[in-house]
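*Asks:* Quick one, fold the following:
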Amino acid sequence: KIFPRDQKEAIWTWLTTTPNDMDASELKCSLLQCDVLGGAINDRASTDTAIWQRQYYMKLQYQTYWRDIERDDAHLSWIRGFYSSMYRNYGGIPDPVKHNDLFQGCYYNYPDVDLNALQPYGTVGALFLYFLDNIVKLAEVKEKFDPTNCFSHAQSIPPNAQHVRDIVAQIKAKGRVSESPSSLGQIRIPSRL
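*Replies:* A predicted model of the protein is given here:
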């Protein structure tokens, strides 16, 4: 599949325009990496492993690198704005429920804690983007082997399978992972873009 026109325009804009609060040299390590997939990855069923995404043609990695901590806000604003622009017309995220013809969610090895702000589902909504239906099975394993959530981080699978099952049912019933494009909160888009 090809990128929809709005996404091609977003890619072009964000990779060729320097925001007012940045210098062009600061963006020399800011990019969109496209990994082409297929072959053996697509030979397995989505439920064979934790990773659901088995029919991808490509994965996108939004990246920006910098050294000066004084520039954290500028770089985070750039990458959040780029991501937001890519999915603005699709509910603000690569929603595999509402737009299953375009997206299969997100890849877990590229964690994005901003997704934890998805409303109304929070971290479980983010985890659904990574694992889709497999999140329920993973929550069952977590509940069995780590019921006190000893091994945890910002996007840990919760040790409450019923809670996860309920949220997955709500997501499917509503036909979308997030309530609105603005559900990820305040994303500051540079004024020149």
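*Asks:* Let me see the confidence value for the most centrally placed residue in the chain.
*Replies:* The C-alpha lying nearest the average C-alpha coordinate of the chain belongs to Cys106 (CA atoms, centre = their mean; 4.5 Å). The predicted local distance difference test score for Cys106 is 91.
*Asks:* And Ser178, by the same measure?
*Replies:* 86.
*Asks:* ok, it to Arg80 distance?
*Replies:* Spatial separation of Ser178 from Arg80 under the definition CB to CB, to the nearest Å is 15 Å. C-betas here are computed from N, CA, C, even on glycine.
*Asks:* on that earlier part again, how close does the residue nearest to the centre of the chain sit to Phe131?
*Replies:* Relative to Phe131, Cys106 is positioned 9 Å away (criterion: CB to CB).
*Asks:* can you list residues touching both of those two?
*Replies:* Taking CB atoms under 8 Å, 6 or more residues apart in numbering as the criterion, Cys106 and Phe131 do not both touch any residue.
*Asks:* need the contact list for the nearest residue to the residue nearest to the centre of the chain once chain neighbours are set aside.
*Replies:* With sequence-adjacent residues excluded and distances taken as CB to CB, 6 or more residues apart in numbering, Cys106 is closest to Leu129, at 4.4 Å. By CB under 8 Å, 6+ apart, the contact list for Leu129 reads 93-96, 105-106, 115, 118, 177.
*Asks:* just to revisit the earlier point, more crowded one of Ser178 and Arg80?
*Replies:* Neighbours around Ser178 and Arg80, counted as other CB atoms under 10 Å, are more numerous at Ser178. The numbers are 26 against 20.
*Asks:* neighbours of the closest residue to that one other than its chain neighbours, just the number please.
*Replies:* Spatial nearest neighbour of Ser178, chain neighbours left out: Leu118 (4.7 Å); criterion: CB to CB, 6+ apart. Other residues near Leu118 number 26, with proximity taken as other CB under 10 Å.
*Asks:* Now do the nearest residue to Glu179 once chain neighbours are set aside against Thr64, distance only.
*Replies:* Beyond its immediate neighbours in the sequence, the residue positioned closest to Glu179 (CB to CB, 6+ apart) is Gln119, lying 5.0 Å away. For Gln119, the distance to Thr64 under the criterion CB to CB works out to 25 Å.
*Asks:* So between those two, which is more surrounded?
*Replies:* Comparing Gln119 with Thr64 by other CB under 10 Å, the one with more neighbours is Thr64, at 18 against 13.
*Asks:* beta partners of that one?
*Replies:* Ser30 (DSSP bridges).
*Asks:* Now do the strands in this protein.
*Replies:* For the chain, applying DSSP state E gives strands covering 30-36, 58-64.
*Asks:* which residues of the protein fall in helices?
*Replies:* Per DSSP state H, the chain carries helices over the ranges 5-16, 72-87, 122-131, 134-145, 161-174.
*Asks:* returning to that earlier point: with distance to Trp14 as extra columns, can I get the contacts of Leu129 in a markdown table?
*Replies:* Converted to a markdown table, the contacts of Leu129 look like this (distance: CB to CB, whole Å):
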| residue | distance to Trp14 |
| --- | --- |
| Ile93 | 17 |
| Pro94 | 16 |
| Asp95 | 20 |
| Pro96 | 23 |
| Gly105 | 22 |
| Cys106 | 18 |
| Leu115 | 19 |
| Leu118 | 22 |
| Val177 | 23 |
